[in-house]
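In: missing the sequence, but the structure's below:
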């Protein structure tokens, strides 16, 4: 789907036709829409690269255009990996900026709603910087979500004897790996942009690029810390689950011994040989019952004191 926006006095408004200084948002474009982009001067190879989910961040520049590809976070709650990263292509040519992505993202709506006061579609390179900034912000938001989820799983794991919670942690560890790889690749690309000085038209742009690099570095550090904590948690909770299972096995073993004691006593006095109390003593049953009950009570007390229950 192709959607066009342009900054006016009233904010960023959606356009019905292409104009100078417009932002073209292409989300999973159809073949007809791809042809329209090509007619506007977007190279077909860059379109395909932006839609290739395995494409890595990079920047290419020629005399009349600049193409930047970054990886942005993407949430997929029904998948085995709840958070992944996907490519976002930014193509700047003339008075036009085009963003190309496989999926519709909330960050596009945030930009269209003019989340940033100084954002203007006509200032194409500054617009690209705000895309970088919003991307880093989204990474930080998702990292905080992952931290909250793993803390909730931590509470469940303390008494768990199953692998389900550990497998859940493994899913988020995979997500953090994707985040770490994408963030570092984005950082390399942004540092190259900084060295080439393509965003130095305005002093504010230089400051904004510094802010973007700072936010991206913060996201990298958060990802590294979260990954280390998650790895430690998985190792620790694997031991906890093993200990919990051992506790269950001890309780079952103790219960088996306790239950078997009355049967052992009854079997002993039920043998067809001369035994104490086998001469028709009217209190024999009560004595045998008392012995069985006493042994059961003693065994229960011993196992309880040893914390087998």
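Out: Sure thing, it's come through. Bear in mind that the values here come from a model prediction, so they are computed numbers and not experimental data.

In: chain center to stretch 246-253: distance?
Out: 35 Å (CA atoms, centre = their mean, to the nearest Å).

In: Give me the buried positions along that stretch.
Out: Buried residues in stretch 246-253, counting neighbours by 16 or more other CB atoms under 10 Å, are absent. For glycine as for every other residue, the C-beta is placed from the backbone atoms N, C-alpha and C.

In: Averaged pLDDT, that stretch. What do you get?
Out: Taken as a whole, stretch 246-253 has an average pLDDT of 71.

In: repeat for stretch 46-57
Out: Across stretch 46-57, the per-residue pLDDT values average to 88.

In: Now do it: everything it contacts.
Out: Outside stretch 46-57, the residues within contact range by CB atoms under 8 Å, 6 or more residues apart in numbering are 26, 28-29, 34, 37-38, 60, 67, 69-71, 86-89, 91, 100-102, 182, 185-186, 188-189.

In: What of stretch 125-136?
Out: Outside stretch 125-136, the residues touching it (CB under 8 Å, 6+ apart) are 23, 66, 68, 70, 72-73, 88, 90, 92, 97, 99, 107, 110-111, 115-116, 118-121, 186, 190, 198-199, 201-202, 204-205, 208-209, 211-212, 215-216, 218-219.

In: name the element the nearest residue to residue 23 once chain neighbours are set aside belongs to?
Out: Once flanking residues are discounted, residue 23 sits nearest to residue 121: 4.2 Å by CB to CB, 6 or more residues apart in numbering. Using DSSP states H and E, residue 121 sits in no helix or strand.

In: Now residue 77, what are its backbone angles?
Out: phi -60, psi -20 (degrees, to the nearest 10).

In: now do residue 28
Out: phi 40, psi 60.

In: The nearest residue to it once chain neighbours are set aside: how many residues sit nearby?
Out: Distances taken as CB to CB, 6+ apart place residue 102 nearest to residue 28, at 5.5 Å, with adjacent residues excluded. Using other CB atoms under 10 Å, the number of residues around residue 102 comes to 16.

In: ok, now residue 152?
Out: Other residues close to residue 152 by other CB under 10 Å number 12.

In: Could you do residue 214 as well?
Out: By other CB under 10 Å, neighbour count at residue 214 equals 12.

In: now swap in residue 234 and tell me
Out: For residue 234, using other CB under 10 Å, the count is 18.

In: just the helices in the stretch 151-300 of the chain please.
Out: 164-196, 203-269, 284-305 (DSSP state H, counting those that start in this stretch).

In: Save the ones you listed as JSON lines, and put in distance to residue 3 too.
Out: Shown next, in JSON lines, are the helices of the stretch 151-300 of the chain (distance: least, CB to CB, whole Å):
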{"stretch": "helix 164-196", "distance to residue 3": "25"}
{"stretch": "helix 203-269", "distance to residue 3": "24"}
{"stretch": "helix 284-305", "distance to residue 3": "70"}
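
In: Deepest in the core, which of those helices is it.
Out: helix 164-196 (a mean of 18; mean count of other CB atoms under 10 Å).

In: quick one: that one to helix 203-269, angle?
Out: 160 degrees (axes from the mean of the first three to the mean of the last three CA atoms, to 10 degrees).

In: just the buried members of the contacts of stretch 46-57?
Out: 26, 29, 34, 37, 67, 69-71, 86-89, 91, 100-102, 182, 185-186, 189.

In: In strands, which of these appear?
Out: Under the assignment DSSP state E, the buried ones among the contacts of stretch 46-57 contribute 26, 67, 69-71, 86-89, 91, 100-101 to strands.

In: Reformat those residues as JSON lines; add distance to residue 14.
Out: Listed next are those as JSON lines, based on distance: CB to CB, whole Å:
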{"residue": "26", "distance to residue 14": "14"}
{"residue": "67", "distance to residue 14": "25"}
{"residue": "69", "distance to residue 14": "25"}
{"residue": "70", "distance to residue 14": "24"}
{"residue": "71", "distance to residue 14": "27"}
{"residue": "86", "distance to residue 14": "24"}
{"residue": "87", "distance to residue 14": "24"}
{"residue": "88", "distance to residue 14": "20"}
{"residue": "89", "distance to residue 14": "21"}
{"residue": "91", "distance to residue 14": "20"}
{"residue": "100", "distance to residue 14": "18"}
{"residue": "101", "distance to residue 14": "17"}
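
In: for those, which one is nearest residue 137?
Out: Using CB to CB, residue 70 comes nearest to residue 137 of these, at 13.2 Å.

In: you'd agree that closest one is up against residue 192?
Out: No: counting by CB atoms under 8 Å, residue 70 sits too far from residue 192 to count as a contact (11.9 Å).

In: OK, contacts around the closest residue to residue 190 other than its chain neighbours?
Out: Leaving aside its sequence neighbours, residue 190 sits nearest to residue 213 (CB to CB, 6+ apart; 5.8 Å). Neighbouring residues of residue 213 by CB under 8 Å, 6+ apart: 187, 190-191, 194.
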